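>>> Kindly generate the corresponding structure for this input.
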Amino acid sequence: MTFLSSTEAWARLLRRLLKFHMVGFIGIGVQLCFLFLFRTVLHLNYLLATGLAVECAVLHNFLWHEHFTWADRNSHGNSGPLQRLLRFNLSTGLISIAGNLALMRLLVGSLHLQYMLANLVTIGACSLLNFWASDQVVFQAGLAPKE
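Reported below is the predicted structural model:
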């Protein structure tokens, strides 16, 4: 690998990571709005409210990643959008929901941190693992379609 191609690969990775976090930043707003709705307005248990809010953000983020972050890979792989959505939910969705629920249980249930602040901490904790799962499992670079 030459220095130039290595530099180009890092630049592509950084651009994609920036896009990922732009989508994620908007997704945080989606998640917090739904968490507020489910917990404060509908008075659901904080763990149920968290799980539902995370799934809303997962669906939101998938649509943006599909058409923005990894749009260049979608036409080259051998799977369709529904298969990618399933992989996204089974990877980043599972990481997000399990990570958020476990950390929320710790931060809110045991340490009595305010639930919105605790949710921001859990989102940050799951972020890099979600990027890896999205890049390597959901939107992996595939072979060009057979002609």
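>>> So for Ala133, what's the nearest residue that isn't a sequence neighbour?
Nearest non-adjacent residue to Ala133, counting by C-beta to C-beta, 6 or more residues apart in numbering: Ser91, 4.0 Å away. (Glycine included, C-beta is placed from N, CA and C.)
>>> and that neighbour, how many neighbours?
18 (other C-beta atoms under 10 Å).
>>> Just checking the distance from the lowest-mean-pLDDT helix or strand in the chain to the centre of its chain.
For the chain, using mean pLDDT, DSSP states H and E, the weakest element among its helices and strands is helix 71-74, scoring a mean of 81. Counting by C-alpha atoms, centre = their mean, to the nearest Å, helix 71-74 is centred 17 Å from the centre of its parent chain.
>>> Can you name the next helix or strand after it?
helix 81-88 (DSSP states H and E).
>>> Tell me which helix or strand comes right after that next one.
Later in the chain than helix 81-88, the nearest helix or strand by DSSP H and E is helix 94-104.
>>> what are the ranges of the helices in this protein?
For the chain, the helices defined by DSSP state H cover 3-36, 46-64, 71-74, 81-88, 94-104, 115-133.
>>> Distance to Gln140 and mean neighbour count for the ones you listed - can I get that in a markdown table?
As requested, those are exported to a markdown table (distance: least, C-beta to C-beta, whole Å; neighbours: other C-beta atoms under 10 Å):
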| stretch | distance to Gln140 | mean neighbour count |
| --- | --- | --- |
| helix 3-36 | 13 | 14 |
| helix 46-64 | 15 | 20 |
| helix 71-74 | 7 | 14 |
| helix 81-88 | 9 | 16 |
| helix 94-104 | 16 | 19 |
| helix 115-133 | 10 | 17 |
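>>> Nearest to Phe139, out of those helices?
helix 71-74 (4.9 Å; C-beta to C-beta).
>>> Residues in contact with that closest one: which ones?
For helix 71-74, contacts defined as C-beta atoms under 8 Å, 6 or more residues apart in numbering pick out Glu66, Pro81, Arg84, Phe139, Gln140, Ala141, Gly142.
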